[in-house]
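Colleague: I need the structure of the sequence given here:
(one chain, ligands or ions: 1)
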Amino acid sequence: MSAPRHPSRTKPGVETKRTLCATCDVSCNVVTEVKKGRVVRVRSSDNPIFRDNICMKGIVAPKAFAHPNRLMHPLKRVGERGSGKWEQVSWDEAMTDIAARLQAIIDRDGPEAWAVSTSQWNTATDHGLGRRLMNHLGSPNWISGVALCAGNTAAINRMTYGWFPFADFPNTNCIVLIGHNPRRNSWVPVYNQIRRAQARGAKLIVLDPRKSSNAELADVWLPLRAGTDTAMLFGWLKVIFDEGLYDKDFVENWTVGFDELRARVDEFPLDRVAKITGCDPEEIRKAARIYATHGPAVIPWTPITDMQRNSTSGIRLQSILRSVCGYVDVPGGEALQGFHPHVIPESKIEAHEMLSEEQKAKQLGSDTHPAFTYRGQAGLLEHTKRVWGYEYTNQVTGCFMANPSATFRAMAGEGRYPVKAFFSLGNNTLLSFANMPLILKGMMNQDLIVVHEQFMTPTAQLADYVLPGDSWLERPWLHDSFGWSSMVRPSQKSMEPLGECESTFSVWKRLATAMGRGDIIPWDTLEDFYDYRLEPSGMSWAEFSESYEIYFGPLEFRKYEKTGFATPSGKVELKSSILEGLGFDPLPYFRDDPPPNPEYPLMMFTGVREDEFFQTGQRHVPELRARKPEPNLFVSPGTAKAQGIAEGDWAEVINPTGSAAMQVLVKDAMPDGLVRIPHGWWKPEMKQGAGHLSGALAHADAQLCPDDEDFLDREQGVPHLKGIPCRIERLDAPPEGAQ
Ligand code: SF4
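Modeller: Numbering: from 1, shown residues only. Reported below is the predicted structural model:
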């Protein structure tokens, strides 16, 4: 089944292209209008499947990418690191020197001394080629923001039933949003699907400390204390087991570990859960009953549970709820789709089999927090091959990563071996993980930093080379859902890249060639590479991108009845043999917060994306900044009064990791004692270079995010961003650069 190309409205003199917006991670199908070789407009698709899937960030993209400060040429640092002194060089000069310096570091310290940080959108849709080169050269130290956003969730879901499921919104009867708040201008396709499901009668349950916009529309809103999802889900299971609301046939025939799980769940009577979460036990009971009896239901992926002290247990409990209620791989539930059988997946391109076991064992963090590393996923390989056809199934690109904190420690000279060469592609690394002071120290300790970017980000300001990245308007893209589902979509190139901007394909190919290993990336162009990946379909890239807007793999439910699940037992593992083999508790559990510190009486949560921005991007776009000129912290009226702050004041948020300045907004929707701070703030208009970093040292939330053991998930080593102790101090005057 597939959705062929839908006819598009056209105007005289205007060419239209079918494109995927890569400004955020949901990749909406949109139409670009091209006049005289330049994109003049981005609009919603004409195809009814995708109509209305667009937000303000997508609409302003042509202007955002035409900004006068866009990086147009390769730059080489000529002063001290962070001095802001650059000279323009050619791509050939840059890559020849980068290759020689990287090879010298590899020769001296081993290939593991090279780490790469990237993300899978914007400049960084690198198609698995970065990992392919690293695997051939021998470095396991690839990290990404997906370590705390979907990639890690995929890796943990696989431990329960062998694949990361995809919510069947069009047919579901009940949606559970855990802290996630898709909006008209944020995760738009998900927002539209939720509203459509509600319009035909589906229930909505929202777990969120704030009265979010989805909470306002929910059948049940559970205002749980930030970071207590795991306890809440134990409470749901307690209700579901005690009242016999689970799918007994499925549990009996297709799961292992039910009795042990049930004993663990019995440790969470509702009065305990109510005490931990702060929610009314009757409301908890009501929500659990709706979930279990109004199915098929879905718990769509949420970035919230990804980023907690109890992340692994919380994600496991979501997967267990889906399973015991019989919602896995059924219509209206959560489909296990596998790869598209006619497209070579990025997992295969990545060539993980080329990396030796000896080098895999060196992957940073695999000794302490192994869940998504090679070591953590090794027990799934043969079972994944049995069911899904490939041993190294790298879903959402996060299943075989190094641990970011361990990587930054090694960069700072505090690891088990040194990392001395660091590449950052479309990933403003300095602001994108916990413990920014450590990342900064690690970057200042490098012999070689290469950044591939569209703008001079704080991370780029510390580089040896800054390479100009193309945009999603300027390149084709074969989107394979990051290995999550069997949907494949083409994005047509709309215009030629501006200046000397080039794609990540080009960066990796140039580097491989300059290192004398051009054989590793033998394709001449992205289009050639896509021809190769589409070979099983019998179509070329040109044919495919002209013919389809979305290309589905065969959708079959209850496949496990033929193949079993891709776990060691072949069943859903309520008790995880993989986690047990790694020396962890095989059952979900709950860790309390560390004892309160009277110096930091408030709790903050961060990681929230605002409608105007995605991650650390878009602060340079006037239309978007006009809507949100400053980083805003949210507090309740009660907290504002108690802290002596008022709407519009500037305040410093402080904790033992660092501090950040924010402007206060008082929100009725916030509970008392909780502070919400926004993610990823820097100000492109402010002074660049070390000591300034365009306002990142004043405003970035990563300065407040600890990564010591009390604030890391044990199994994955992801940071706890949903309930960090802090205090607030009112500033007498706005900080430098305030608008
Ligand atoms: S939600 Fe907005 S930014 Fe994200 S892909 Fe869609 S149009 Fe682009």
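
Colleague: break down the stretch 151-300 of the chain into its helices, ranges please.
Modeller: In the stretch 151-300 of the chain, the helices defined using DSSP state H, counting those that start in this stretch lie at 151-161, 188-199, 213-216, 229-242, 248-254, 258-265, 270-277, 281-293.

Colleague: with the stretch 401-550 of the chain instead?
Modeller: With DSSP H, counting those that start in this stretch as the criterion, the stretch 401-550 of the chain has helices spanning 404-411, 429-432, 436-444, 504-514, 526-533, 541-547.

Colleague: still on that earlier bit, okay if I get the helices of the stretch 151-300 of the chain as TSV plus mean neighbour count?
Modeller: (Glycine included, C-beta is placed from N, CA and C.) Below are the helices of the stretch 151-300 of the chain laid out as TSV (neighbours: other CB atoms under 10 Å):
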stretch	mean neighbour count
helix 151-161	27
helix 188-199	18
helix 213-216	18
helix 229-242	24
helix 248-254	14
helix 258-265	17
helix 270-277	19
helix 281-293	19
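
Colleague: if we can go back for a sec, for the helices of the stretch 401-550 of the chain, which one ends up most surrounded?
Modeller: With neighbours defined as mean count of other CB atoms under 10 Å, these peak in mean count at helix 429-432, which reaches a mean of 28.

Colleague: out of the helices of the stretch 401-550 of the chain, nearest to residue 634?
Modeller: The minimum distance between residue 634 and the helices of the stretch 401-550 of the chain falls on helix 429-432, with 19.8 Å, by CB to CB.

Colleague: ok so, going back, any chance of a markdown table for the helices of the stretch 151-300 of the chain, columns distance to residue 601 and mean pLDDT?
Modeller: Formatted as a markdown table, the helices of the stretch 151-300 of the chain follow (distance: least, CB to CB, whole Å; pLDDT from 0 to 100):
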| stretch | distance to residue 601 | mean pLDDT |
| --- | --- | --- |
| helix 151-161 | 30 | 97 |
| helix 188-199 | 35 | 97 |
| helix 213-216 | 26 | 96 |
| helix 229-242 | 22 | 98 |
| helix 248-254 | 44 | 98 |
| helix 258-265 | 33 | 98 |
| helix 270-277 | 19 | 98 |
| helix 281-293 | 27 | 98 |
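
Colleague: how about a markdown table for those helices, with distance to residue 584 added?
Modeller: Compiled in a markdown table, those are given as follows (distance: least, CB to CB, whole Å):
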| stretch | distance to residue 584 |
| --- | --- |
| helix 151-161 | 10 |
| helix 188-199 | 31 |
| helix 213-216 | 33 |
| helix 229-242 | 15 |
| helix 248-254 | 23 |
| helix 258-265 | 14 |
| helix 270-277 | 21 |
| helix 281-293 | 26 |
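
Colleague: related to what we said a few turns ago, now the helices of the stretch 401-550 of the chain in JSON lines, with mean pLDDT and distance to the ligand?
Modeller: Listed next are the helices of the stretch 401-550 of the chain as JSON lines, based on pLDDT from 0 to 100; distance: least, CB to the nearest ligand atom, whole Å:
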{"stretch": "helix 404-411", "mean pLDDT": "98", "distance to the ligand": "24"}
{"stretch": "helix 429-432", "mean pLDDT": "97", "distance to the ligand": "17"}
{"stretch": "helix 436-444", "mean pLDDT": "98", "distance to the ligand": "25"}
{"stretch": "helix 504-514", "mean pLDDT": "97", "distance to the ligand": "18"}
{"stretch": "helix 526-533", "mean pLDDT": "98", "distance to the ligand": "20"}
{"stretch": "helix 541-547", "mean pLDDT": "96", "distance to the ligand": "18"}
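
Colleague: what sits against the closest residue to residue 80 other than its chain neighbours?
Modeller: Counting by CB to CB, 6 or more residues apart in numbering, residue 690 is the residue found nearest to residue 80 once chain neighbours are left out, at 7.8 Å. Contacts for residue 690 (CB atoms under 8 Å, 6 or more residues apart in numbering) come out as 80, 81, 82, 83, 444, 461, 462.

Colleague: and which of these is nearest the ligand?
Modeller: For those, the closest approach to the ligand (CB to the nearest ligand atom) belongs to residue 461, at 25.1 Å.

Colleague: and the gap between residue 627 and the ligand?
Modeller: Here residue 627 is placed at a distance of 14 Å from the ligand (CB to the nearest ligand atom, to the nearest Å).

Colleague: give the contact list for the residue nearest to that residue when sequence neighbours are not counted.
Modeller: Of all residues beyond its chain neighbours, the one nearest residue 627 is residue 612 (5.3 Å), with distances taken as CB to CB, 6+ apart. For residue 612, the contacting residues are 56, 57, 185, 618, 624, 625, 627, 628, taking CB under 8 Å, 6+ apart as the criterion.

Colleague: interface residues of this structure facing the ligand?
Modeller: Within the chain, the positions near the ligand by CB under 6 Å from any ligand atom are 21, 23, 24, 26, 27, 28, 54, 55, 57, 58, 188.

Colleague: list the contacts for the nearest residue to the third one once chain neighbours are set aside?
Modeller: Right, the one you point to is residue 24. Counting by CB to CB, 6+ apart, residue 614 is the residue found nearest to residue 24 once chain neighbours are left out, at 4.1 Å. Under the criterion of CB under 8 Å, 6+ apart, the contact list for residue 614 reads 23, 24, 25, 57.

Colleague: give me the below-cutoff pLDDT ranges for the stretch 351-500 of the chain.
Modeller: Nowhere does the stretch 351-500 of the chain drop to pLDDT under 70.

Colleague: may I ask which helix or strand encompasses the closest residue to the ligand within the chain?
Modeller: Residue nearest to the ligand within the chain (CB to the nearest ligand atom): residue 58, separated by 2.7 Å. Element membership of residue 58 [criterion: DSSP states H and E] is helix 56-59.

Colleague: pull up the gap between the closest residue to residue 693 other than its chain neighbours and residue 189, please.
Modeller: Across the structure, with CB to CB, 6+ apart as the measure, the residue nearest residue 693 apart from its sequence neighbours is residue 458 (4.0 Å). In this view, residue 458 and residue 189 are 31 Å apart by CB to CB, to the nearest Å.

Colleague: swap in residue 64?
Modeller: Computed as CB to CB, the residue 64 to residue 189 distance reads 20 Å.

Colleague: the closest residue to residue 280 other than its chain neighbours: what's it in contact with?
Modeller: In space, and not counting its chain neighbours, residue 280 is closest to residue 274: 6.8 Å by CB to CB, 6+ apart. If you count contacts by CB under 8 Å, 6+ apart, residue 274 has them with 235, 280, 281, 284.

Colleague: that older thread, for the residue nearest to residue 693, give me its contacts.
Modeller: Contacts here follow CB under 8 Å, 6+ apart; on that basis residue 458 touches 428, 430, 431, 682, 693, 694, 696, 700.

Colleague: contact partners for the first one?
Modeller: Same thing as residue 428. With contacts taken as CB under 8 Å, 6+ apart, residue 428 has the following neighbours: 453, 457, 458, 459, 460, 615, 616, 617, 680, 682.

Colleague: can you tell me which of those residues has the most neighbours?
Modeller: With neighbours defined as other CB atoms under 10 Å, the most crowded of the contacts of residue 428 is residue 457; it has 30 neighbours.

Colleague: hmm, it is touching residue 616, no?
Modeller: Yes: checked against CB atoms under 8 Å, the pair residue 457 and residue 616 is within contact range at 6.8 Å.

Colleague: overlap of the contact sets of those two?
Modeller: Taking CB under 8 Å, 6+ apart as the contact rule, the neighbours common to residue 457 and residue 616 are 428, 431, 682.

Colleague: put together JSON lines for those residues, with distance to residue 736 on each row.
Modeller: Converted to JSON lines, the shared contacts of residue 457 and residue 616 look like this (distance: CB to CB, whole Å):
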{"residue": "428", "distance to residue 736": "21"}
{"residue": "431", "distance to residue 736": "18"}
{"residue": "682", "distance to residue 736": "13"}
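
Colleague: which element is the residue nearest to residue 627 on?
Modeller: Going by DSSP H and E, residue 612 is not in any helix or strand.

Colleague: just residue 18 next, same as before
Modeller: With secondary structure defined by DSSP H and E, residue 18 is part of strand 15-20.
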